[in-house]
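Colleague: Quick check, what structure comes out for this input:
(one chain, ligands or ions: 3)
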Amino acid sequence: MIQGPVDSSRVPRFAGPATFARLPRLDQVSTVDVAVVGVPFDSGVSYRPGARFGPAAVREASRLLRPYHPALDVSPFERAQVVDAGDIACNPMDIGEAIGTVQREAGELLDNGARLITVGGDHTIALPLLRAVAQRHGPVALLHFDAHLDTWDSYFGSAYTHGTPFRRAVEEGLLDTSALCHVGIRGPLYSRGDLAEDLALGFGIVTASDVLRKGLDEVIGGLRQRIGDRPLYVSVDIDVLDPAHAPGTGTPEAGGLTSRELLEILRGLAGTNLVSADVVEVAPAYDHAEITSIAASHVAYDLVSLLAMGTGS
Ligand SMILES: N=C(N)NCCCC(=O)O
Ligand SMILES: [Zn+2]
Ligand SMILES: [Zn+2]
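Modeller: Residues are numbered from 1 along each chain as shown. Ligands and ions are numbered 1, 2, ... in the order given. Have a look, this model is predicted:
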């Protein structure tokens, strides 16, 4: 029998320790369809640190989520067994070891039949998550929501950073290179060559400006066409949002999406073959009034809802 969240009409939603959306913990259920798992790791950042505190902040901000999603017309926690699988504890002093830990523990959850919504943590963790997913589904389509390309080659000689996960993922054959797109790209680059290299890897780009000028329907239509019915991984760097909508992040760039635009695009993915997703780069120390962690908790809720809608199909 599916176990839902704590009933907020009986137990005030501000009481007790936080799990995502007040859902049961992994050890409180016998089967799992969707697991929300934290990765408190930020040793791969190039600018402001602090995303290691993201999972805890997103759980706190998720206390107000309610069980019915009107825009998608789904009660995700009735449709699927959704749990909070806690945090993957990884070594903050050794990026290589941490990547191995994330790959192994995410893989164990996937092997137990769960699809994952991972809450970071910095964007480095997308690489081991994609490794774990591709091992089970083969190369996946990728929608990457971000201000940044994250296909750079290295930082300070290091190949494994939050600016490089998607170049590594293409090199390792984890992605279906006919079905890749960044959404929300903006801001200064190192050179024009960044775009040429990104294109050569197979990525399409929907800029933040495209979202404004083309509008949501055209953008959603184009994305759906590109990914088709392939197994799809969605990676959301919260800095895809304008700093007005997500100040609490490590590498903010002006001119981003509103949280309303991002949620609309995610809802436009209903019916696609989403297999797992992440929400990364929430750094609560730079946040105000929980703006960023509230936005991230709603993004995670929409992703959980999309996964729950696909459960059993
Ligand atoms: N993945 C995120 N958030 N940022 C990457 C920025 C890399 C840079 O400092 O140029
Ligand atoms: Zn970014
Ligand atoms: Zn990123």
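
Colleague: For this protein, which residues are neighbours of ligand 3?
Modeller: 123, 146, 148, 150, 237 (CB under 5 Å from the ion). Just so you know, the C-beta spots here come from the backbone N, C-alpha and C atoms, and that holds for glycine as well.

Colleague: quick one: which of those residues sit in helices?
Modeller: Using DSSP state H, no member of those falls in helices.

Colleague: okay, the residues you listed in JSON lines with distance to residue 13 and pLDDT next?
Modeller: As requested, these are exported to JSON lines (distance: CB to CB, whole Å; pLDDT from 0 to 100):
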{"residue": "123", "distance to residue 13": "30", "pLDDT": "98"}
{"residue": "146", "distance to residue 13": "31", "pLDDT": "99"}
{"residue": "148", "distance to residue 13": "34", "pLDDT": "99"}
{"residue": "150", "distance to residue 13": "35", "pLDDT": "98"}
{"residue": "237", "distance to residue 13": "28", "pLDDT": "99"}
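
Colleague: show me which of the residues you listed neighbour ligand 1.
Modeller: 123, 148, 150, 237 (CB under 6 Å from any ligand atom).

Colleague: How many residues are close by the third one?
Modeller: Neighbouring residues of residue 150 were enumerated by other CB atoms under 10 Å; the total is 25.

Colleague: hang on, isn't it packed against residue 165?
Modeller: Yes. The pair residue 150 / residue 165 is scored as a contact, 5.7 Å apart, by CB atoms under 8 Å.

Colleague: Spit out the residues that contact the two alike.
Modeller: Common neighbours of residue 150 and residue 165, using CB atoms under 8 Å, 6 or more residues apart in numbering, are 123, 126.

Colleague: Touching stretch 71-85 from outside, list them.
Modeller: 2-5, 19-21, 23-26, 28-29, 31-37, 59, 67-69, 109, 114, 263, 267, 270, 301-302, 304-309, 311-312.

Colleague: and the residues you listed, which of them are in strands?
Modeller: 34-37 (DSSP state E).

Colleague: How much space separates residue 246 from residue 12?
Modeller: According to CB to CB, to the nearest Å, residue 246 stands 28 Å off from residue 12.

Colleague: For the two, indicate the residue with more neighbours.
Modeller: Each of residue 246 and residue 12 has its neighbours counted (other CB under 10 Å); residue 246 has more, 30 against 10.

Colleague: tally of neighbours for the residue in the stretch 1-150 of the chain that ligand 2 sits nearest to?
Modeller: Nearest to ligand 2, among the residues of the stretch 1-150 of the chain, is residue 148, at 3.7 Å (CB to the ion). Using other CB under 10 Å, residue 148 has 25 other residues around it.

Colleague: Please apply the same query to residue 113.
Modeller: 12.

Colleague: just checking, it touches residue 29?
Modeller: No. Using CB under 8 Å, residue 113 is not in contact with residue 29; the gap is 11.6 Å.

Colleague: now residue 272, what's its secondary structure?
Modeller: Following DSSP: H, G, I helix; E, B strand; the rest coil, residue 272 is assigned to coil.

Colleague: What's opposite the residue lying closest to it once chain neighbours are set aside in the beta bridge?
Modeller: The shortest distance from residue 272 to any non-neighbouring residue, by CB to CB, 6 or more residues apart in numbering, is to residue 232 (5.3 Å). With DSSP bridges as the criterion, residue 232 is bridged to residue 141, residue 274.

Colleague: does residue 232 really touch residue 271, like I thought?
Modeller: No. Contact between residue 232 and residue 271 fails when scored by CB under 8 Å: they sit 10.8 Å apart.
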